[in-house]
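[1] With the sequence up front, the predicted model follows.
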Amino acid sequence: MSVYFKLSLAYLRGQMQHLGSFAMSVTRNLISSVGDALRLVLLGVSFGAMGRWTGAQIAVLYGIITISFAVASALGAGLFSFSGVIRRGDFDRVLLRPCGTLTQVLGAKFDLTRFGRLTTGVVGLAWGIARLDTPFGAAQAAMTALCVFSGVLLFLGILMIQGGACFWTIEGMEAFNAITYGGVAMASYPLEVYKGWLRDLFLYVIPLGCLNYLPCAVLFGKTLPYPLFTAYLAPVAGGAYLALGLLVWRAGVRRYRSAGA
Amino acid sequence: MEHIISVRDLCVHFTVRKKGKTMFSPREKTVVRALDGVSFDIAPGEFVGYIGPNGAGKSTTIKCLSGILTPTGGHIAVLGRVPWEERVRHVADIGVVFGQRTQLWWDLPVEDSFELLRDIYKLDRGEYERTKARLVEAIDIGELLRTPVRQLSLGQRMRCDLVASLLHRPKILFLDEPTIGLDAVSKLNMRGFVKELNEKEGTTVLLTTHDMDDVETLCRRLLLIGHGKKLMDGTVDDLRRMAGTKRVLKATVGEGKVTLPAGAVLTAHEGRRIEVAFDPEALPADKLVLHLASTAGLTDMQVVAAPLDETVAALYRRMAEVEA
Amino acid sequence: MSTFRALLKTALRQQLQYRSAMLVGILTQLVFAFIYIMVYMAYYTYSPGAAQGMTLSQAVSYTWINQACLRMMSLSGLVEIQEMMRDGRIAFELARPADLHGMWLSRALAVRLAPFALHAPLTIAIGLLMPGEMRLSFALEVLPAGLLSLGMATLLSAAVTVLMTASCFWTIDSNGINRLLPMVAKVCSGNLLPLAFYPAGVRAVLRALPFAAIADAPMRILVGACTAREAAATLAMQGVWLAALLALGRVVTGCGVRRCMVQGG
Amino acid sequence: MRAFFSMVKTALRQQLQYRSAMLAGVFTQLVFGLILIMVYTAFYDNGYSVMGGMALGQAVSYVWLSQGTYRMMPWSGIKDVEAMMRDGRIAFELARPLDLYNMWFARSMAMRTAPLLTNLPLVLLAACLMPEGLRLTLQPAWLVLGALSLGLGMLVSAAMTAILTGTYFWTISGQGINRILPMIGSFCAGNILPLAFFPEGVRFALRMLPFASMLDAPLRILVGTVDVRTALSVIGLQLFWLAALTALGRVVLRAGVKKCMVQGG
């Protein structure tokens, strides 16, 4: 793992060479996530609450999903632009180095600029927790932390799948962004808002709901049409997706090395 | 271990799906036989040239030897290991330099890249410093160490890449067209470094190139690849013989009319200077000289071996015709 | 008539050749239509009783029709003939067998009808598709009288053009007349503002002038802002002015040509 | 002007060339559209029939239209001009006989119209086929005026793109303010959230800005949340901003060219 940190540090030192554009992309990332947050706030201001969820509760949902996506996309930034690595043929050099391919790809780009989104997530979570009408003690804090951690694993898994898919086809990868960014935007609101198939998609297929909607419903004492144990599924969902991601990645590398590329 | 590299019936077949003519017509599937049963052995310390026309399978072989690619068939043993099965341990013992594509970090100074490679290859600090010092001095990149890679010229960058691939003291060095795009001076330097490395350190070198000067000055042994098959394994002279042992007579003739015996071809004629290509086995040199002396008169003459790149180019053309 | 058809074809082809310029022309007309309608709406909300005899929707329709027929209703001399006069090539024109006045009249008509044929349909269509009070609306029964009046207006504007061109026999330099008269016409003919918006006294005088006959008359009939009797009176007035201007045109062209002959071309 | 049409054609061909990227783009827009609609529906279910003058049905159509016209917004200046700045080929661009501003405006317009012909129809087609409650519904009465307003919106967006391109004279790397401005602009244009959902005071202020004229204005007309008077005032504002931004664009360009010349191109 020490290679991962050394590679990330190298990338960061490289980014520091262009301080101007680094600062600019942090601000750009911040503003784009502030845009999403503002939509949430303005809707809350104009419409007041949303169904049985108060503004504060929605802010907590938003905070959990945004923080985990921000951390995951910072760690896994190398996977976002991985289709370019394949197109330029740089993956051969990754294979020529005596350490894991995933470590090198993840380390290749430790994107600090993604932390712009982290700030809005943290602010949203803090604002929400401060205004919660239900008690928020150590147990709830631990539960939230667990959800965020599982979220990071889950999003990393999704990014690995997206990266792995590049070994098969480079075209049409942008459609994946719709799922990641769309999913994040969607999971910022209680899942019960969405109609049947879209809700099931983000509950069972890409289980973002397990990260914030289900656990928070229990935290805030709301009744759920789902059994109680589902509220504690976050780590399972995160772990499962991370494993799936590793599988897809390994299969992709095997395909690249088996005269397929 | 008498062979450091042994290759038996190496086959690599790509299934290429070409897009159908229209968006809807199904993609035609064609199988490309990049390598079709290639076998050769390389002993430690050898300097082997690996040549062939474009698309003959040169870089595919390098990929298989370096563990990047798993071949469709055949067996390879490098340093007693199968490259693609034990990739991590295998790549630790080989160095690979791609022409024009650098392995260094674009925005960082050269030395920082070296330190990163030290961590990646988990090298012992003391030994790393000694190797680095020796290489930097031998390949003369001392003053480049603090400059970011993006500010280096192609020649400087290739020299740094060479050092980077030698920091972990590999036993085998794969050079994939290392002198492509370099200016004359850098080419000479690069050849000098690699030659010295092979002779002094005993590193086995496999060089793929199109630059016949590289081949003539460096390679004691040549492997010629064509249509995925090994066509020749021998010295530079074997190559010339295979491509038709052309000799070229450069002469300054007298006033007489220039006539040529059978088997001799006039390749250049300016005023009284002529060049005649001939095959010594078919037409002995003395017969040609006597004929010219008696008919046109000879004031000066010189017999030269045909330039290698013309010979090889002619050979590649003939191979292409065979294929068409 | 055949020469007229040929002239019309060339004018049409010339217009079509600059398709993009024509498109820009239509766009600018749309923009002006919007601006005028906006002004009238504000006008009608703040001083409703001002415009006698014309409701808002009639004023809106007036604007749409005016923008559609703008090229036809605005006056302008035959530029190429005026230039011929200046550099003396007019001699060839004089040598032509056909009578000069007839020739110029049909050229003027062709130059007016070509843009009309291309611009009007699209602008009218857009006017018809506008929502609410912005829509161009007119009663069907006024159509026959309206179109007749529109035809007469076209002839009238062609006659005036010929007159303007003939006046150059005397003034040689065409700039004076080419700039002054169109400005005057724009104000008096209703192109700038429907005459209904003018004070009663001024309106009566202007309606008697030929300028109003070219623009205000047909538009007022088409939008239905006048009774059947007034429509008939306007048509009659248009007929009188048409006859007068055609006769004047023939006379002015005749002595113009003679004067020019005397001077040696 | 003919150059303009050829530029649109090339931009269009480029768009169609990356078919899969375009389809991926449409897919993303549809997914986001669906999510936003469901979120807004949830908020409306809290007993709100109208919010900021917009009913749920209209909000649904607003979302589909804003997704479809996503690429129409001025996200950045002209791409290859930025590259030209970096490697100094800008000197050739300056040497061209054509007026630089017109050329860049035409290219910006081409850049903004091309997606309209590829993304918008696909998104709207899908939106019309959506089940009840998610379907795009437009009143025919407002269609034509809305389309014209959309055209005006594109012109304003092209003018903004030209200005952004002009700023590349100063921030050669293009990483400067002109990366942040488009994001703020698209927020104020109602791209992230329909302006109707903003609080009263903020909404009025934002609607005065040029950004709203690019998207919110035409969309409000198309979904029919305005009466004719407001529609006209909105179009008037669009015309004002078009003129203002074009003038600003010329000034920025002239200053940029001068600075560039001084630097030796």
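    Yep, that arrived.
[2] care to break chain B down by domain?
    In terms of domains, chain B is parsed into B:5-20+B:31-241, B:246-305 (source: automatic domain parsing).
[3] what residues does the stretch 151-300 of chain B put near chain C?
    Residues of the stretch 151-300 of chain B that fall close to chain C, judged by C-beta under 8 Å from any C-beta of the partner chain: none. Yep, even glycine has a C-beta here, placed from its N, CA and C like the rest.
[4] Backbone dihedrals for whichever residue of the stretch 151-300 of chain B sits closest to chain C, please?
    In the stretch 151-300 of chain B, no residue comes nearer to chain C than residue B:181, which is 47.8 Å away by C-beta to the nearest C-beta. The phi/psi pair for residue B:181 (degrees, to the nearest 10) reads phi 80, psi 0.
[5] ok, now which ones touch it?
    By C-beta atoms under 8 Å, 6 or more residues apart in numbering or on different chains, residue B:181 lies in contact with B:99, B:100, B:154.
[6] Against chain A, how distant is the last one?
    Distance, residue B:154 to chain A, by C-beta to the nearest C-beta, to the nearest Å: 17 Å.
[7] Check the first one too.
    In this structure, residue B:99 and chain A are separated by 13 Å, where distance is defined by C-beta to the nearest C-beta.
[8] right, and that residue touches residue B:180 too?
    Yes. Counting by C-beta atoms under 8 Å, residue B:99 touches residue B:180, with 4.0 Å between them.
[9] related to what we said a few turns ago, kindly compare burial across the domains of chain B and name the winner.
    Counting by mean count of other C-beta atoms under 10 Å in any protein chain shown, domain B:5-20+B:31-241 has the highest mean neighbour count of the domains of chain B, with a mean of 18.
[10] end-to-end on that domain?
    The first residue of domain B:5-20+B:31-241 is 27 Å away from its last residue (C-alpha to C-alpha, to the nearest Å).
[11] so where does residue B:224 fall, helix or strand?
    Assigned by DSSP states H and E, residue B:224 falls within strand B:221-226.
[12] Residue 208: what's it in contact with?
    Chain wasn't specified; assuming chain A. By C-beta under 8 Å, 6+ apart, residue A:208 lies in contact with A:65, A:154, A:183, A:184, A:186, A:187, A:202.
[13] meant chain D, my bad for not saying
    Contacts of residue D:208 (C-beta under 8 Å, 6+ apart): residue D:237.
[14] at 6 Å what do you get?
    Residue D:208 makes no contacts at all, as judged by C-beta atoms under 6 Å, 6 or more residues apart in numbering or on different chains.
[15] Find the residue closest to residue 257 in space, skipping its chain neighbours.
    Defaulting to chain A. Residue nearest to residue A:257 in three dimensions, not counting chain neighbours: residue B:70, with 5.2 Å by C-beta to C-beta, 6 or more residues apart in numbering or on different chains.
[16] that's the wrong chain, I wanted chain B
    Nearest one to residue B:257, counting by C-beta to C-beta, 6+ apart, is residue B:296 at 6.4 Å.
[17] what's the burial count for whichever residue of the stretch 1-150 of chain C sits closest to chain B?
    Nearest to chain B, among the residues of the stretch 1-150 of chain C, is residue C:19, at 32.3 Å (C-beta to the nearest C-beta). Counted with other C-beta atoms under 10 Å in any protein chain shown, the burial measure for residue C:19 works out to 13 neighbours.
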